[in-house]
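[1] okay, predicted coordinates and the sequence, questions at the end:
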Amino acid sequence: MTPSADVNDITLLSDLIDQLSPAPEPAPIAWIPQTWGWALLAVLLLALLLFIGVRRWRHWQTNAYRRDALRELDLRLSQEGTSVLAEVLKRTALSAFPRERVAGLSGARWWQFLDQTLPTTPSPASRRFDGPLGQELSAGTYRDSAASPSAALTQLARQWIRKHRTDAPTPHDDQGADQ
């Protein structure tokens, strides 16, 4: 082989490569599922997300009275004292429970109602309405309007507003009649 033959072979090889057609590009991948199973899964997932969204919205709407009560407590507590605490608790209970179950409650029956609708584990007497905190709550309505409630009573009232259960059993009207 002569050196000039090698150069001609190289030239011919490059000419042959230039004559080749380009490699075909693959078709673009579709974003739409190609089988009905994926479409069904997408519909079910959308339905589940919609269901969760509607339930969360209803829960948020249902608990609007709790947010309003806490907001009112924050605004009025420092100025009006314990009397506003009793008022906000009673209005919150009237918003959450039927009027027949709440409106007539006072004193020990009111405190028992508050304790029974608060879903907590058994707590010490200082963390319950039925006792000294309940007495402070009832007496606060008649005290000086500027008197501030104790920190324990304020914390317990806020906890009740945030966490009370509307499906909890409540004391019957005939229980307080014998006492």
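    Cool, got the structure. Numbering: from 1, shown residues only.

[2] what comes up buried for stretch 156-166?
    Neighbour-count burial for stretch 156-166, counted by 16 or more other Cβ atoms under 10 Å, picks out 156, 157, 158, 160, 161, 164. Every C-beta, even on glycine, is put in place using the N, C-alpha and C of the backbone.

[3] I'd like those as JSON lines, with pLDDT and distance to residue 98 appended.
    JSON lines is the format used below for the buried residues of stretch 156-166 (pLDDT from 0 to 100; distance: Cβ to Cβ, whole Å):
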{"residue": "156", "pLDDT": "90", "distance to residue 98": "24"}
{"residue": "157", "pLDDT": "90", "distance to residue 98": "21"}
{"residue": "158", "pLDDT": "92", "distance to residue 98": "24"}
{"residue": "160", "pLDDT": "92", "distance to residue 98": "18"}
{"residue": "161", "pLDDT": "92", "distance to residue 98": "18"}
{"residue": "164", "pLDDT": "90", "distance to residue 98": "14"}
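
[4] can I get those in CSV including distance to residue 91 and secondary structure?
    Rendered in CSV, the data for those read as follows (distance: Cβ to Cβ, whole Å; DSSP: H, G, I helix; E, B strand; the rest coil):
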residue, distance to residue 91, secondary structure
156, 17, helix
157, 12, helix
158, 15, helix
160, 13, helix
161, 10, helix
164, 13, coil
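
[5] quick check: next helix or strand after the helix ranked longest in the chain?
    Ranked by residue count under DSSP state H, the longest helix found in the chain is helix 36-62. For helix 36-62, the following helix or strand on the C-terminal side (DSSP states H and E) is helix 64-80.

[6] could you give the angle of that following helix to helix 36-62?
    Computed with axes from the mean of the first three to the mean of the last three Cα atoms, to 10 degrees, the direction of helix 64-80 lies at 30 degrees from that of helix 36-62.

[7] what does helix 64-80 contact?
    Helix 64-80 is contacted from outside by 84-85, 88, 91-92, 95-96, 145-146, 148-149, 154, 157-158, 161-162, using Cβ atoms under 8 Å, 6 or more residues apart in numbering.

[8] pull out the buried residues from the very next helix or strand once past it.
    Under the assignment DSSP H and E, the closest C-terminal helix or strand after helix 64-80 is helix 82-96. By neighbour count, with 16+ other Cβ under 10 Å as the criterion, the buried positions of helix 82-96 are 82, 83, 84, 85, 86, 87, 88, 89, 90, 92, 93, 96.

[9] again with stretch 68-83
    Residues 69, 70, 72, 73, 77, 80, 81, 82, 83 are the ones in stretch 68-83 that count as buried (16+ other Cβ under 10 Å).
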